[in-house]
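Asks: sequence first, predicted model second:
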Amino acid sequence: MAAPSRHPLQDPPPRPGLRERKKLRTRTEIRRATYRLIAGQGYEATTVEQIAQAAEVSPSTVFRYFPAKEDIVLSDEYDPVLAAGLRARPDGEAPLDALRSALTDSLRTLLAEEHDELVQRTRLMVEVPAIRARTAETMAVTGRLLTGVLAERTGRDPGDLELRVLTAAVLGALGEATLYWGEHGCRDDLLSLVGRAFDTLGSGLRL
């Protein structure tokens with residue numbers, strides 16, 4: 001008798017190969033070097049050439065991983081983690097509740113592992129118009145990813161209007177809560193602010 005197959009969500013994620021790990025290490029070093037330079041001399045004064053030198057790579061390598069300087073600041077490795085977290089939510093859970101849990105878990109991990117970088121990134125979003133504008137583009141990429149996962153969970157088409165609206169609303173709420181956090185000096189509890197944002201989505205604005 002064949003052994004029962006495991007649910008795919010129970011299987012541990014495959015370990016990245018050597019090439020993927022090297023790429024991730026390079027991306028991380030470039031990003032950390034960028035944050036160090038910006039902390040010391042400001043965003044505008046920091047050049048790609050300086051970033052490359054600090055990360056011990058060539059400028060062409062920086063551009064290969066990050067098409068624009070704004071992308072270095074805004075990028076992270078959490079989209080796949082977020083998608084996996086959403087896929088792992090219980091079957092039948094309401095889409096808004098599933099998104100809330102997955103996003104909150106991912107944010108909690110980000111705060112624990114990269115708190116200082118998140119603070120610096122958020123402050124730059126508040127202070128630098130180019131970064132704030134680029135944020136909308138990166139959110140759109142995350143939105144398409146999450147919409148696709150919701151389509152898997154609900155059996156709807158990935159282009160479904162309601163799925164797109166829900167995902168856009170959730171990411172918009174997350175973005176505004178984060179921006180509010182940055183505008184107030186990153187002193188508040190970000191998780192509580194995000195919780196308030198989700199409560200507003202769920203119940204509306206009560207006057």
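Replies: Noted; the coordinates are in hand.

Asks: tally of neighbours for P158?
Replies: A total of 13 residues lie near P158 under the criterion other Cβ atoms under 10 Å. Quick note: C-beta positions are derived from backbone N, CA and C, even for glycine.

Asks: please read the previous query as pertaining to C186.
Replies: 16.

Asks: got it, and the one 3 residues further on?
Replies: One way to gauge burial is a neighbour count; for D189, by other Cβ under 10 Å, it gives 10.

Asks: next one: the one 4 residues further on
Replies: The number of residues packed around L193, counting by other Cβ under 10 Å, is 18.

Asks: give the next helix or strand downstream of the stretch of helix or strand R153 belongs to.
Replies: Using DSSP states H and E, R153 sits within helix 129-154. Proceeding N to C from helix 129-154, the next assigned helix or strand is helix 161-183, under DSSP H and E.

Asks: that next one vs helix 129-154, what angle?
Replies: In terms of direction (axes from the mean of the first three to the mean of the last three Cα atoms, to 10 degrees), helix 161-183 departs from helix 129-154 by 140 degrees.

Asks: who does helix 161-183 touch, helix- and strand-wise?
Replies: Under the contact criterion of 3 or more Cβ pairs under 8 Å, 6 or more residues apart in numbering; DSSP states H and E, helix 161-183 touches helix 95-113, helix 115-127, helix 129-154, helix 190-203.

Asks: quickly list the domain ranges of this protein.
Replies: Domains of the chain are assigned by automatic domain parsing as 18-67, 76-203.

Asks: export the ones you listed to a markdown table and tack on mean pLDDT?
Replies: Listed next are the domains of the chain as a markdown table, based on pLDDT from 0 to 100:
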| stretch | mean pLDDT |
| --- | --- |
| domain 18-67 | 91 |
| domain 76-203 | 93 |
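
Asks: and the helix holding R153, what does it pack onto?
Replies: Using 3+ Cβ pairs under 8 Å, 6+ apart as the contact test, the elements touching helix 129-154 are helix 69-74, helix 79-87, helix 95-113, helix 115-127, helix 161-183.

Asks: since that was my last question, I'll sign off now.
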